[in-house]
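**Q** Predicted model and sequence follow; I will ask about them next.
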Amino acid sequence: MGAEVVIDGLTKSFGKQAIWRDVSLSLPPGEVSVMMGPSGTGKSVLLKSMIGLLKPERGRCVVNGVDIVTCSEAKLYETRKLFGVLFQDGALFGSMNLYDNVAFPLREHTKKSESEIKRIVLEKLELTGLAGAERKLPGEISGGMRKRAGLARALVLDPEIILCDEPDSGLDPVRTTYISQLLIDLNAQIDATILIVSHNINLARTVPDNLGMLFRKELVMFGPREVLLTSDEPVVEQFLNGRKIGPIGMSEEKDSATMAAEQANVDAGHHDGSPDEDLRGVVPQMEPTPGMPERMGIRRRKDRVMRILHTLPQAAQESIIASLTDEDRRRYGMQQPHAMAAAPQQNQQPQQNQQPQQNQQRGTQTPRYGQGDAVPDQHAGQLPADRVAQVPGSGWEQPAPRGQSGPGQGRP
Ligand SMILES: Nc1ncnc2c1ncn2[C@@H]1O[C@H](COP(=O)(O)OP(=O)(O)OP(=O)(O)O)[C@@H](O)[C@H]1O
C-alpha cells in the first residue's frame with residue numbers, strides 16, 4: 001500500500017507574492033486524489049513543495065514520519081525515492097532515447113546491473129504501452145507518448161506515491177481518457193498513493209477518490225469526491241461548469257463590479273457559451289480495465305468515508321449512501337430495502353420525503369429515508385461500532401464551517 005502524505009499548515013510565497021497559505025490536507029494511502037484550480041493558483045508549486053524542490057516558509061509535509069520541509073538533505077534524498085513524479089512536459093532528456101530516459105533513475109539511484117535495469121525498463125515501457133519504442137528520441141514521438149514515457153520513468157523505482165502534474169495537458173480528450181485509465185490501472189496494480197494536478201473537468205469528475213481545489217491563495221476544499229461534486233461553493237460550481245459567471249476572472253479573482261456587469265449581460269440574454277446544464281453531480285467513477293486487479297483503495301476509502309460520513313455536507317452524504325451496494329449496506333449496518341418494508345421506521349427523519357428524490361438539476365439520486373428505502377441501522381454491520389459512520393438520524397453533526405479544517409475540508 002502507498003504511503004500517506006500529511007500536509008499541515010503549508011504556506012509558500014516568492015518574495016512578496018503569496019502563493020497559498022495554511023494548506024492542510026491528507027492524501028490517504030493508496031487512493032487517487034485530484035487537485036484542481038485556476039491557472040496560477042500554485043498547483044505545481046504544491047507538487048514541488050511536496051518533494052522538497054521548493055521550500056515553504058511554514059507548515060509540514062510528512063511522509064513516513066519525515067517532514068519534507070525541514071528534514072536534512074540526506075533524509076530528503078532518501079524520502080524522495082518514495083515518489084515518482086510525472087512533470088507537465090514529461091521532462092525527458094531530449095538527447096536520450098526512451099530506454100535511456102527510463103533507465104536514468106535506476107542508473108543514478110541504484111546499483112542494479114544492466115541486465116536487471118533492462119528487465120525493469122522493458123516492464124515499465126510495456127506497462128505504459130510503449131513496448132517497441134525504446135530507441136525513439138523524445139522529439140520523434142507524440143505528446144501522449146512523451147507523457148507515458150515520463151510516467152514509465154516515474155515508475156522505475158517502484159514509488160509509493162505518484163505525483164502527476166497535468167497529465168492531460170496538450171492531449172486530446174481521447175488520449176486524456178487513455179492516460180487517466182492508465183493511472184487507474186496502475187493504482188489497481190501497485191496500490192500507490194496518487195495525486196494528479198489537472199484543470200480537466202472530466203478527469204476531475206471521473207477519476208479521483210478525493211478532490212480538492214486551490215483558489216484565492218488557499219485550499220478552498222479537499223475531501224471525498226462527492227463533497228466537491230455536489231458543492232454549492234460558488235468557485236467550485238463555476239470551475240466545474242467552466243462558466244464565466246462567478247468569482248474566477250480572466251487572470252485572477254474578479255471584483256464585485258465586474259461580477260455584477262457580467263451577471264447583467266446574462267440577465268439581458270447574452271449567451272457566453274457556458275453549458276446550459278449544471279455539470280455538477282456525482283458520475284460513475286472510472287474503474288480498472290477488465291482483467292486488472294481490484295483497486296484495494298476502493299474498499300479502504302469506503303470504510304474511511306463511512307467513518308466520516310456524518311461530518312460531510314448533506315448532499316455528499318446522500319450521494320455516498322445512494323452509491324452503496326447491498327453488501328456495503330450489510331457491512332455498515334444498514335437495513336436492506338426488503339427488511340425495511342416490514343420494519344418499523346424508527347430511524348426515519350421526520351422532515352424528509354417518503355420517496356427517493358431525483359435531483360433534476362444535478363442528475364443525482366438523493367435518497368430520503370422513506371418506506372421501502374434503505375435506512376441506516378444502529379451500527380449492526382460488520383465493522384465495530386466506533387468504526388462506522390454516524391448516519392443522519394443517529395447523531396447527525398453539521399459539517400465544520402468553511403475555513404476550519406475538518407474531514408470534509410482538508411482531511412479527506
Ligand atoms: N520558482 C519560482 N519563482 C518565482 N515564482 C514562481 C516560481 N514557480 C512558480 N512561481 C509563481 O507561482 C505562481 C503559481 O505557479 P504554478 O505553476 O504553481 O501555478 P499552477 O496553478 O500550476 O498554474 P497552471 O495551471 O497554469 O500550470 C505563478 O504566479 C508563478 O509565476
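**A** That came through, no problem.
**Q** May I have the residues that are in contact with the nearest residue to S323 once chain neighbours are set aside?
**A** Distance criterion Cβ to Cβ, 6 or more residues apart in numbering; nearest residue to S323, sequence neighbours excluded, is V282 at 7.4 Å. Glycine gets a C-beta too; all of them are placed from N, C-alpha and C. By Cβ atoms under 8 Å, 6 or more residues apart in numbering, V282 lies in contact with 225-226, 229-230, 319, 323, 364.
**Q** and if we set it to 7 Å?
**A** V282 makes contact with 226, 229-230, 319, 364, according to Cβ atoms under 7 Å, 6 or more residues apart in numbering.
**Q** go on, H199?
**A** Residues near H199 by Cβ under 7 Å, 6+ apart: M36.
**Q** name the element it belongs to?
**A** Here H199 sits in a region with no helix or strand, counting by DSSP states H and E.
**Q** returning to what we had before: secondary structure class for the residue nearest to S323?
**A** Following DSSP: H, G, I helix; E, B strand; the rest coil, V282 is assigned to coil.
**Q** S26 too?
**A** Under three-state DSSP, S26 comes out as strand.
**Q** That one reaches S33, doesn't it?
**A** No. Here S26 does not reach S33: they are 9.4 Å apart, not a contact under Cβ atoms under 7 Å.
**Q** what's the spacing between the residue nearest to S323 and S24?
**A** For V282, the distance to S24 (Cβ to Cβ, to the nearest Å) stands at 24 Å.
**Q** Buried residues of stretch 55-75, list them for me.
**A** For stretch 55-75, burial by neighbour count (16 or more other Cβ atoms under 10 Å) applies to 56, 59, 61-63, 66-69, 71.
**Q** if we look at the ligand, which of those are close to it?
**A** Among these, not one lies near the ligand by Cβ under 6 Å from any ligand atom.
**Q** ok so, going back, let me know the pLDDT of the residue nearest to S323.
**A** Per-residue pLDDT puts V282 at 87.
**Q** For it, give its distance to the ligand.
**A** Look at V282 and the ligand: by Cβ to the nearest ligand atom, to the nearest Å, they are 25 Å apart.
**Q** Likewise for G40?
**A** From G40 to the ligand the distance is 5 Å (Cβ to the nearest ligand atom).
**Q** Can you name the residues in contact with the longest helix anywhere in the chain?
**A** In the chain, with assignment by DSSP state H, the single longest helix is helix 173-190. The contact list for helix 173-190, computed with Cβ under 7 Å, 6+ apart, reads 32, 128, 144, 147, 151, 164, 167-168, 171, 192, 194, 196, 200, 203, 207, 286, 288-289, 292-295, 297.
**Q** Identify each buried residue in stretch 38-50, please.
**A** Buried, per 16+ other Cβ under 10 Å, within stretch 38-50: 38, 41-50.
**Q** circling back to that earlier point, what about the longest helix of the chain, distance to the chain center?
**A** 14 Å (Cα atoms, centre = their mean, to the nearest Å).
**Q** In helices, which of the buried residues of stretch 38-50 appear?
**A** Going by DSSP H, the helices hold 43-50 from the buried residues of stretch 38-50.
**Q** Show the contacting residues for P38.
**A** Contacts for P38 (Cβ under 7 Å, 6+ apart) come out as 215, 248.
**Q** Check R107 too.
**A** Per Cβ under 7 Å, 6+ apart, neighbours of R107: I117.
**Q** Show the pLDDT at it.
**A** pLDDT recorded at R107 is 92.
**Q** Ok, the one 3 residues further on next?
**A** Predicted confidence (pLDDT) for T110: 88.
**Q** Just the C-alpha atoms of the longest helix of the chain, please, in CSV.
**A** Coordinates of each C-alpha in helix 173-190 appear next as CSV, following Å, rounded to 0.1, in the frame of the first residue of the first chain:
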residue,chain,number,x,y,z
PRO,A,173,-9.9,14.2,-24.9
VAL,A,174,-9.4,10.6,-26.1
ARG,A,175,-5.8,10.4,-25.2
THR,A,176,-6.6,12.1,-21.9
THR,A,177,-9.1,9.3,-21.1
TYR,A,178,-6.4,6.7,-22.0
ILE,A,179,-3.8,8.3,-19.7
SER,A,180,-6.5,8.5,-16.9
GLN,A,181,-7.2,4.8,-17.4
LEU,A,182,-3.5,4.1,-17.3
LEU,A,183,-3.3,5.9,-13.9
ILE,A,184,-6.3,4.0,-12.5
ASP,A,185,-4.9,0.6,-13.8
LEU,A,186,-1.6,1.5,-12.3
ASN,A,187,-3.2,2.2,-8.9
ALA,A,188,-5.0,-1.2,-9.2
GLN,A,189,-1.7,-2.9,-9.8
ILE,A,190,0.6,-1.3,-7.3
